[in-house]
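Participant: Quick one: sequence and predicted model below, then my questions.
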Amino acid sequence: MITAPNAFRSASGAPGKAYWQQRADYKIKASLDEKNNILSGDETITYFNNSPDDLRYLWIQLEQNVNKKGSEDFGFAQGTVRDSMNTRQMQLLTRAVDFPAGYSIKYIKDQNGNTIQSFVNNTMMKVVLNTPLKSGESLTFSIGWSYPITDRSMFLLTREGYEYFPEDDNTAYLIAHWFPRLAVYNDTEGWQNKQFNRLGEFALEFGDYDVEITVPADHIVAATGDLRNEKDVLSRTQQQRMAKARTSVDKPIMIVTPDEAKENEKEKTNKTKTWKFRAENVRDFAFASSRKFIWDAQAVPLETHTVMAMSFYPKEGLPVWSDASTLAVKNALEIYSEAVFEYPYPVAISVNTSNIGMEFPMISFNGGRPVDGKISDRAKMGMISTIVHEVGHNWFPMIISSDERQWMWMDEGLNTFIHQRTMKERYPNSNYTTPKSIVPFMSGDKDIMRPIMTSSDNELMSQFGNNFYRKPTVGLQILRNSVVGQELFDQAFKEYANRWKYKHPNPADLFRTLEDATANDLDWFYRGWFFTTDNVDMELTNVKWFTVEDQVAIEDKNKKTKFKIPSDSKGEIAKDFSSGPEVITMTSTPDQAYGQFLSRMDEPELRKQLKGKNIYEITIKNVGGLVMPVTIEWVYTDGTKEIDKLPETIWRHNEYEIQKTFIKEKQVQKVNLDPNFEFADTDAKNNSFPKMEAPSDFDKFKEKTKN
Ligand SMILES: [Zn+2]
């Protein structure tokens with residue numbers, strides 16, 4: 001899983017001198033048949049073989065084939081019959097009402113019009129070249145295809161397809177993983193030709209796209225890239241509003257108003273229009289099309305260029321979408337540009353859909369709709385959070401292009417980390433992730449838990465949210481706030497992002513860069529947090545309180561340090577501080593203890609420094625298995641508090657139990673570990689001395705009724 005450094009990937013975590021990456025440019029002409037819900041296209045791909053290898057065949061992704069009967073669940077939809085099931089559950093389980101899905105490949109031809117042989121294995125197509133594609137050369141070939149667009153509501157975890165609105169007899173099309181596209185060929189895996197099983201998303205090459213989309217003339221199209229023929233597809237009024245939006249930095253301008261969208265819903269023309277888009281240096285292309293779309297847009301000036309933040313939504317999204325969507329896009333663009341690197345693309349689009357969120361370059365499809373015009377604060381915040389998250393995916397993995405089919409955590413975890421920072425900064429009342437949020441998951445059943453370093457599709461549906469989103473997020477929060485420190489960590493995180501911008505990083509490239517840029521050995525953290533299912537649970541097993549005997553008049557040089565145990569404790573471990581300190585007699589250091597050194601310690605000064613001070617020896621047990629730095633809070637009898645921090649290296653020679661001794665001026669009343677919940681400690685009840693009493697049933701009841 002972690003490859004040794006080599007000429008392609010250096011030991012520092014940066015791309016190596018010999019790093020290479022393939023490239024694929026696409027020219028696509030697609031048309032939408034609204035009557036039959038069919039999308040068809042002709043595409044020309046130019047594939048650049050920058051690898052040192054000659055390629056006899058290419059692998060092309062045919063992801064729409066996942067929707068074919070028998071392929072659509074790959075075992076992760078619920079597979080069992082229950083006593084009582086609703087019709088939709090039964091349909092998802094059995095596909096009793098079948099419907100067409102999957103590609104028809106019409107042709108694959110080379111530049112001279114000769115047919116190229118191909119073999120389909122489910123969602124992958126092997127294209128066997130007539131002559132091998134030599135290292136350093138490129139190849140242009142064409143594919144003609146079509147597929148029935150499927151009803152989004154007929155699948156779990158669906159990310160694309162159509163939604164039909166019976167009330168006005170209209171459809172919104174969300175079109176993604178729609179055209180046959182090159183699989184990744186790289187130095188670590190060769191061809192990344194794992195099948196598409198839905199959970200593990202995409203591994204894609206960068207390239208330039210020229211896409212022409214023909215749709216009913218009354219449709220509005222939102223897509224990855226720059227719209228190149230505004231004059232052909234927008235009315236004069238819409239063009240004027242667009243011009244206004246390009247300078248509107250404080251609020252969105254309506255390009256298509258709700259009233260106009262309502263009028264459009266009735267039109268249902270037979271004519272068509274072709275929308276032309278160009279996108280440069282992207283790894284994918286998606287679009288949405290409907291006559292129901294309301295459209296608003298505003299300018300977001302970043303440091304070196306201005307981005308158009310835009311939202312497209314049916315009237316069913318009002319009023320919350322016009323209030324909050326484009327603003328959420330703007331907030332994400334601003335915070336991410338600051339925390340990672342400046343957003344490089346010309347547009348960032350949020351399109352409303354019924355449920356879940358899904359990201360593509362420059363465009364995302366986001367769930368969240370009011371019911372009868374009303375939405376709860378919680379649901380509204382959920383919608384905003386989804387939009388911020390999906391816009392954030394432009395960085396991870398659309399630009400910092402990790403392999404989602406292999407490592408879901410690399411894009412979801414890193415994206416959620418900055419997403420949660422955006423929520424905290426721009427929506428402070430939202431429920432953002434902190435180390436405490438991961439405690440219920442990490443204290444769960446280890447028999448079914450998998451480490452973060454688990455291949456995407458091998459994770460359980462019930463766990464991937466915690467394991468691939470929240471746990472890596474909390475891991476990065478711990479590294480940033482409690483291990484490395486914010487300043488150096490933020491530099492290192494940006495270093496990783498910039499090193500792997502428009503490239504394909506592996507986990508080791510992240511791990512190595514975070515060490516390389518901070519002078520921290522983090523192997524212990526990676527091993528525990530990413531490769532195991534251990535959790536943090538530290539137990540403060542004991543705190544011993546000592547004082548040093550004030551005056552030592554006559555020193556017995558034959559005796560070493562001795563303890564005077566107070567008579568009432570009878571050698572048992574004290575439960576609290578009530579029996580007072582144990583008194584230690586401190587003898588003088590015998591001359592031979594200095595060995596050959598002639599210099600001697602200033603004993604009177606040492607005695608003076610210890611006089612009247614409290615010495616506390618604490619014992620901490622590692623119950624959970626993960627080592628972590630230790631934060632100790634001292635609560636003094638006068639009510640004041642003090643914090644001491646021990647680095648993770650304290651566990652170096654004994655990872656099960658440690659002892660550490662402190663001198664304190666004041667008397668301690670209570671000692672707490674991890675008082676600010678920095679480390680996702682799964683059991684806070686064993687973190688204090690005197691020990692916390694187990695809560696009574698009444699306390700538990702009170703705690704419950706508070707929420
Ligand atoms: Zn995500």
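Facilitator: Sure, I can see it.
Participant: show me where pLDDT drops low in the stretch 51-200 of the chain?
Facilitator: Low-confidence segments of the stretch 51-200 of the chain, defined by pLDDT under 70: 72-78.
Participant: Would you map the strands across it?
Facilitator: 55-61, 104-110, 117-121, 124-133, 138-148, 161-165, 170-175, 181-182, 185-186, 190-191 (DSSP state E, counting those that start in this stretch).
Participant: out of those, nearest to Glu280?
Facilitator: strand 181-182 (16.3 Å; CB to CB). Where C-beta positions appear, they are placed from N, C-alpha and C, glycine not excepted.
Participant: so what strands line up beside the closest one?
Facilitator: Using DSSP bridges, strand 181-182 pairs in its sheet with strand 55-61 (antiparallel).
Participant: Contacts for the strand it pairs with next, please.
Facilitator: 47, 49, 118, 123-129, 132-133, 143, 177, 180-183, 185, 191, 193, 196 (CB atoms under 8 Å, 6 or more residues apart in numbering).
Participant: Of the residues you listed, keep whichever come out buried.
Facilitator: Buried members of those, scored by 16 or more other CB atoms under 10 Å, are 47, 49, 118, 123-127, 129, 133, 143, 177, 180-183, 185, 191, 193, 196.
Participant: Read off the pLDDT value for Glu693.
Facilitator: The model reports Glu693 with a pLDDT of 71.
Participant: wait, what's in contact with the closest residue in space to Lys273 that isn't next to it in sequence?
Facilitator: Spatially, and ignoring its direct neighbours in sequence, Lys273 is nearest to Ala217 (4.4 Å; CB to CB, 6 or more residues apart in numbering). For Ala217, the contact set (CB under 8 Å, 6+ apart) comprises 269, 271-273.
Participant: Mark which of these are part of strands, please.
Facilitator: When the contacts of Ala217 are checked against strands (DSSP state E), the matches are 272-273.
Participant: Which one of the contacts of Ala217 sits in the busiest neighbourhood?
Facilitator: Lys273 (17 neighbours; other CB atoms under 10 Å).
Participant: Show me which residues of the host helix or strand of Met308 are buried.
Facilitator: In this structure, Met308 sits in strand 306-313 according to DSSP states H and E. Buried positions in strand 306-313, judged by neighbour count with 16+ other CB under 10 Å: 307-313.
Participant: partners of it in the sheet?
Facilitator: Using DSSP bridges, the strands paired with strand 306-313 are strand 294-301 (antiparallel), strand 347-353 (parallel).
Participant: Just the buried positions in the first one, please.
Facilitator: Neighbour-count burial for strand 294-301, with 16+ other CB under 10 Å as criterion, is recorded at 294-300.
Participant: again, but for stretch 85-98
Facilitator: For stretch 85-98, burial by neighbour count (16+ other CB under 10 Å) applies to 92-93, 95.
Participant: Equivalent analysis for stretch 38-53, please.
Facilitator: 39-49, 51.
Participant: now swap in stretch 462-477 and tell me
Facilitator: Applying a neighbour-count criterion of 16+ other CB under 10 Å, one finds 463-464, 466-477 buried in stretch 462-477.
Participant: quick revisit: of the buried residues of stretch 85-98, just say which sits nearest to Phe441.
Facilitator: Distance to Phe441 across the buried residues of stretch 85-98 (CB to CB) is lowest for Leu92, with 26.0 Å.
Participant: Touching, that closest one and Thr158? I think so.
Facilitator: No - checked against CB atoms under 8 Å, the pair Leu92 and Thr158 is beyond contact range at 10.7 Å.
Participant: What residues does Glu617 make contact with?
Facilitator: By CB under 8 Å, 6+ apart, the contact list for Glu617 reads 543-544, 546, 659-661.
Participant: Now, of those residues, which are buried?
Facilitator: With burial judged by 16+ other CB under 10 Å, the buried subset of the contacts of Glu617 is 543-544, 546.
Participant: mind putting these in a markdown table, secondary structure, pLDDT and distance to Gln22 included?
Facilitator: Output for the buried ones among the contacts of Glu617, formatted as a markdown table (DSSP: H, G, I helix; E, B strand; the rest coil; pLDDT from 0 to 100; distance: CB to CB, whole Å):
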| residue | secondary structure | pLDDT | distance to Gln22 |
| --- | --- | --- | --- |
| Val543 | strand | 96 | 60 |
| Lys544 | strand | 96 | 64 |
| Phe546 | strand | 95 | 67 |
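Participant: Save those as JSON lines, and put in distance to Arg369 too.
Facilitator: Shown next, in JSON lines, are the buried ones among the contacts of Glu617 (distance: CB to CB, whole Å):
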{"residue": "Val543", "distance to Arg369": "55"}
{"residue": "Lys544", "distance to Arg369": "61"}
{"residue": "Phe546", "distance to Arg369": "65"}
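Participant: Tell me the one of these nearest Glu167?
Facilitator: Val543 (67.8 Å).
Participant: Tell me where the model's unsure across the protein.
Facilitator: For the chain, applying pLDDT under 70 flags the ranges 1, 72-78, 550-572, 694-707.
Participant: Okay, the residue nearest to Lys273 and Ile349: tell me how far apart.
Facilitator: Computed as CB to CB, to the nearest Å, the Ala217 to Ile349 distance reads 21 Å.
Participant: cool, Arg82 as well?
Facilitator: Separation of Arg82 from Ile349 (CB to CB): 40 Å.
Participant: between the two, who's got more neighbours?
Facilitator: More crowded of Arg82 and Ile349, by other CB under 10 Å: Ile349, with 26 against 9.
Participant: Excluding chain neighbours, what is closest to the more buried one?
Facilitator: Spatially, and ignoring its direct neighbours in sequence, Ile349 is nearest to Ile363 (4.3 Å; CB to CB, 6+ apart).
Participant: now Thr422
Facilitator: Ile335 (4.1 Å).
Participant: SS state for the one you found?
Facilitator: Following DSSP: H, G, I helix; E, B strand; the rest coil, the label given to Ile335 is helix.
Participant: these two touch, right, it and His419?
Facilitator: No - Ile335 lies out of contact with His419 (CB under 8 Å); the separation is 9.0 Å.
Participant: burial count for Pro604?
Facilitator: Neighbours of Pro604 using other CB under 10 Å come to 8.
Participant: Where strands are concerned, which of the buried residues of stretch 38-53 count?
Facilitator: Reading strands off these with DSSP E, I get 39-48.
Participant: can you put those in JSON lines and add distance to Lys613?
Facilitator: JSON lines is the format used below for these (distance: CB to CB, whole Å):
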{"residue": "Leu39", "distance to Lys613": "78"}
{"residue": "Ser40", "distance to Lys613": "83"}
{"residue": "Gly41", "distance to Lys613": "79"}
{"residue": "Asp42", "distance to Lys613": "84"}
{"residue": "Glu43", "distance to Lys613": "78"}
{"residue": "Thr44", "distance to Lys613": "80"}
{"residue": "Ile45", "distance to Lys613": "76"}
{"residue": "Thr46", "distance to Lys613": "76"}
{"residue": "Tyr47", "distance to Lys613": "74"}
{"residue": "Phe48", "distance to Lys613": "71"}
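Participant: Out of the residues you listed, which is nearest to Pro166?
Facilitator: Looking at those and their distance to Pro166, the nearest is Leu39, at 21.7 Å (CB to CB).
Participant: from memory Ser455 sits against Gln195, does it?
Facilitator: No - counting by CB under 8 Å, Ser455 stays clear of Gln195, with 11.9 Å between them.
Participant: And the helices in the stretch 251-400 of the chain, which stretches?
Facilitator: Applying DSSP state H, counting those that start in this stretch to the stretch 251-400 of the chain gives helices spanning 258-267, 320-339, 377-392.
Participant: What residues of the first one count as buried?
Facilitator: Neighbour counts over helix 258-267 (16+ other CB under 10 Å) mark 258, 260-261, 264-265 as buried.
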